[in-house]
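Participant: below are the sequence and a predicted model; questions follow.
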There are 2 protein chains.
Amino acid sequence: MLNRVRSAVAHLVSSGGAPPPSPKSPDLPKATSALPAAPPEAPRSPPARAERDSAAPAKTAEARASFSRPTFLQLSPGGLRRADDHAGRAVQSPPDTGRRLPWSTGYAEVINAGKSRHNEDQACCEVVYVEGRKSVSGAPREPSRGQGLCFYYWGLFDGHAGGGAAEMASRLLHRHIREQLKDLVEILQDPSPPPLCLPSTPGAPGSSDPSHLVGPQSCWSSQKEVAHESLVVGAIENAFQLMDEQMARERHGHQVEGGCCALVVVYLLGKVYVANAGDSRAIIVRNGEIIPMSREFTPETERQRLQLLGFLKPELLGGEFTHLEFPRRIQPKELGQRMLYRDQNMTGWAYKKIELEDLRFPLVCGEGKKARVMATIGVTRGLGDHNLRVCSSTLPIKPFLSCFPEVRVYDLTQYEHCPDDVLVLGTDGLWDVTSDCEVHSSGPSSGPGGPGHPSGPWLASPQQQAGFRG
Amino acid sequence: MLNRVRSAVAHLVSSGGAPPPSPKSPDLPKATSALPAAPPEAPRSPPARAERDSAAPAKTAEARASFSRPTFLQLSPGGLRRADDHAGRAVQSPPDTGRRLPWSTGYAEVINAGKSRHNEDQACCEVVYVEGRKSVSGAPREPSRGQGLCFYYWGLFDGHAGGGAAEMASRLLHRHIREQLKDLVEILQDPSPPPLCLPSTPGAPGSSDPSHLVGPQSCWSSQKEVAHESLVVGAIENAFQLMDEQMARERHGHQVEGGCCALVVVYLLGKVYVANAGDSRAIIVRNGEIIPMSREFTPETERQRLQLLGFLKPELLGGEFTHLEFPRRIQPKELGQRMLYRDQNMTGWAYKKIELEDLRFPLVCGEGKKARVMATIGVTRGLGDHNLRVCSSTLPIKPFLSCFPEVRVYDLTQYEHCPDDVLVLGTDGLWDVTSDCEVHSSGPSSGPGGPGHPSGPWLASPQQQAGFRG
């Protein structure tokens, strides 16, 4: 299996393809000029076009509950069956004959056989047009497409405990991002610093004037400057939260079962924003160097955040769990002995006398792939999971599972890139069997395209369930 | 002033001195063998020797309240007056004629004129002997010095709002560390992995045997291995907490006024442990390269931790503060407008409609040196401050101010070092006026010692109030 996935990676990285329509080169002098002025056709995602002005779901509950794969795969009913075949495990990629995805994006997926009835992962690739909500200055203006913004979007959603959350996220998260950006269309295109305060009603004066400052305390003697980039980061962060809230609201009516890790990339105005909530991973390969664009959120990497939450809100542990970590389960007969432990403040370990409440199950336990929160879930960030409870208990997992992503920004205009450079997104299925370096060395010179064959400026490679090349 | 501090740094780094007594070379093949088998004389700190078996304070409340400087400075009454002279601002260093500090440690301090009545900072340099509490195996054994452990210790305590906390920490923190290490004396010298569980009573069997494992859940199918190094980290972390608790207990009886940042270094069994709680900084200069050994804890670097605490425990904000951050103070007349904000989950910024509760003072505000928690304090980690309240309020600051350090470990046996290599500890007073690189370039070849003059393997250089060379 590993060899087949690697071979698919190598194939994708090396197959090159037509040069990206726009931007043509990764080191754009002015990325904005390369973006289409009119809203582009969102490739192969009619629902995204049909509901441009709303982040509300369009599909019926019935349709959402059925099995589907990303539309850009253009699967026939027979292809859909093959994609869902646990025995065959066919690697799925977009057809060569089809219209190419933007930036020559590549994608490959294969079912993670036997883990669930259907492949619960989803993916999305869109060019999204953002029309400004209204003029920031308050003056009503004629809606004009030329004043809007475009962003490129790639999303990878690693589902678990059902496919509903991943599918909903793949259809709607980019629209939540678009909604959040609507207020920023003019601000982001204005080179002056963003106003700190906006009027509530059109025509009212803004208050970005420093003379509006009050400063009774010395710490308020100056105002913070907020960069444009920080507004995009904030928009993406809030979009994740709103997506999660929508899942919570609609989980009964629309059968949004399960949850999903979400790894998305937004390219806007010359910068690449990589937002990760879960244990998927993004890397950029630049001139042979690997630049990590995400980190994984697991019970191990987030131990102290989880323990702090359990310590400050013990009611979330329901008397069933302890926020302390132990290196193994304590036996009742060990009461009174001294066991190694660590709490929310510690990175080291120390001995403590075992007391009755230490016999509760630890909030965080296990190592590596077996690490779990409340003995239930192995990731600590993601969307959905609003119905998820501790096994044989009514305790909800959700407060420990956070929907907030970490967003990293990569300024494309600051670096020189060569044709082999690539952005790779993969779920843990890929990274469990392939290191960053292996993905990198699966590049053009080692693939069927032969040495020197350009793979295009950006390539988001396949992972075991879903992925991109570009 | 800046030039005088820099000159003192250069002088210290370049003055070399006798080669360190032990260890002779920084890249020790076996550091333990270089340590004295018998408890060494703690240089110039009689109290530390007199109370070897207790972490309890020895000085009377009266003595503690008086102004003092580190004992290794060997200041006469006249020297003490000069050290406290805000007009003269004499740079204080240990006398050349005195017995050298271990590892040729260097130190320089100068009063930060006008900031407080006396210099509120303290420093400590000790060689500490740890006698095992009892045999881990439970068998009673003859107390034997040869079975103990030695650690080298350097501490820098940047006091504020009074000198009591810094002085108490400088006298007692290393003894709390010693107390925590007492249980580990045998375990740390045993090359086998530390036992996960110890008997409560001598003679009872330990339960480090993996067959003792219970594993009803798959995440418990294995036990964690805990490294020896993690036990030392845990011991230091708990020592900081116990020091802070002692300050809380004794603050009335012993006039432990104020608080202090604490930056301490423990050298034990070949490894250097740097523990930092506050905005002091430690760097290692190795072959011209700068290795950061700490990070600063300020309202800006800890914003999200503080906001999370305020969000989860709103009672700590007393209805006076909001956990949201705004880039400037909001005016009442701006109610209903939209202001940039960020919460505990965000690194970016977004606009929100200003509501009545947003007019409360933000928990975190200001930038750089003016950043404050609750408009009161500019650091977020440290010891003491149990009496500190928000200005004109009864709200305590303490839950937001954490006593826990971040501990970084540097394995001396893993690196080659040259004679110019040095460990530099400084409070923010040094780093506000001197960059890491400037401290580095103030090294031997630029000082009066001339090129090539060895400064000894370790040098912890001066800062504006206190520091070390070694």
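Facilitator: Yep, that arrived. Residues are numbered from 1 along each chain as shown, chains lettered A, B, ... in the order given.

Participant: ranges for the strands of the stretch 301-450 of chain A?
Facilitator: For the stretch 301-450 of chain A, the strands defined by DSSP state E, counting those that start in this stretch occupy A:321-322, A:338-341, A:350-353, A:361-362, A:364-365, A:372-373, A:383-384, A:406-411, A:422-426.

Participant: got JSON lines for these, with distance to residue A:167 too?
Facilitator: Using the backbone N, CA and C atoms, a C-beta is placed for each residue, glycine as well. Below are the strands of the stretch 301-450 of chain A laid out as JSON lines (distance: least, C-beta to C-beta, whole Å):
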{"stretch": "strand A:321-322", "distance to residue A:167": "32"}
{"stretch": "strand A:338-341", "distance to residue A:167": "41"}
{"stretch": "strand A:350-353", "distance to residue A:167": "46"}
{"stretch": "strand A:361-362", "distance to residue A:167": "33"}
{"stretch": "strand A:364-365", "distance to residue A:167": "30"}
{"stretch": "strand A:372-373", "distance to residue A:167": "24"}
{"stretch": "strand A:383-384", "distance to residue A:167": "10"}
{"stretch": "strand A:406-411", "distance to residue A:167": "23"}
{"stretch": "strand A:422-426", "distance to residue A:167": "18"}
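
Participant: out of the ones you listed, which one sits most buried?
Facilitator: Among the strands of the stretch 301-450 of chain A, the stretch with the highest mean neighbour count (mean count of other C-beta atoms under 10 Å in any protein chain shown) is strand A:383-384, at a mean of 32.

Participant: ok, residues contacting that strand?
Facilitator: A:157, A:164-166, A:168-169, A:173, A:240, A:243-244, A:247, A:251, A:256, A:258-260, A:262, A:277, A:403 (C-beta atoms under 8 Å, 6 or more residues apart in numbering or on different chains).

Participant: repeat that for stretch A:294-309.
Facilitator: A:263, A:274, A:276-282, A:316, A:323-325, A:343-345, A:347, A:363-368, A:371-373, A:378-381, A:399-400, A:402, A:406, A:408, A:428, B:308, B:312.

Participant: now with 6 Å, please.
Facilitator: Stretch A:294-309 has contacts (C-beta atoms under 6 Å, 6 or more residues apart in numbering or on different chains) with A:274, A:276, A:279, A:281-282, A:323, A:344, A:363-364, A:371-373, A:380-381, A:400.

Participant: near chain B, which of these show up?
Facilitator: Applying C-beta under 6 Å from any C-beta of the partner chain to the contacts of stretch A:294-309, one finds that residue A:372 fall near chain B.

Participant: phi and psi next, for the nearest residue to residue A:346 once chain neighbours are set aside.
Facilitator: Excluding the flanking residues, the one nearest residue A:346 by C-beta to C-beta, 6 or more residues apart in numbering or on different chains is residue B:237, at 5.0 Å. Per-residue torsions, residue B:237: phi -60, psi -50 (degrees, to the nearest 10).

Participant: repeat that for residue A:233.
Facilitator: The phi/psi pair for residue A:233 (degrees, to the nearest 10) is phi -60, psi -50.

Participant: correct me, but it touches residue B:349?
Facilitator: No. Using C-beta atoms under 6 Å, residue A:233 is not in contact with residue B:349, being 7.8 Å away.

Participant: adding mean pLDDT and distance to residue A:76, write the strands of the stretch 301-450 of chain A out as CSV.
Facilitator: CSV is the format used below for the strands of the stretch 301-450 of chain A (pLDDT from 0 to 100; distance: least, C-beta to C-beta, whole Å):
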stretch, mean pLDDT, distance to residue A:76
strand A:321-322, 96, 48
strand A:338-341, 97, 57
strand A:350-353, 97, 61
strand A:361-362, 94, 48
strand A:364-365, 94, 45
strand A:372-373, 94, 40
strand A:383-384, 97, 29
strand A:406-411, 98, 37
strand A:422-426, 93, 26
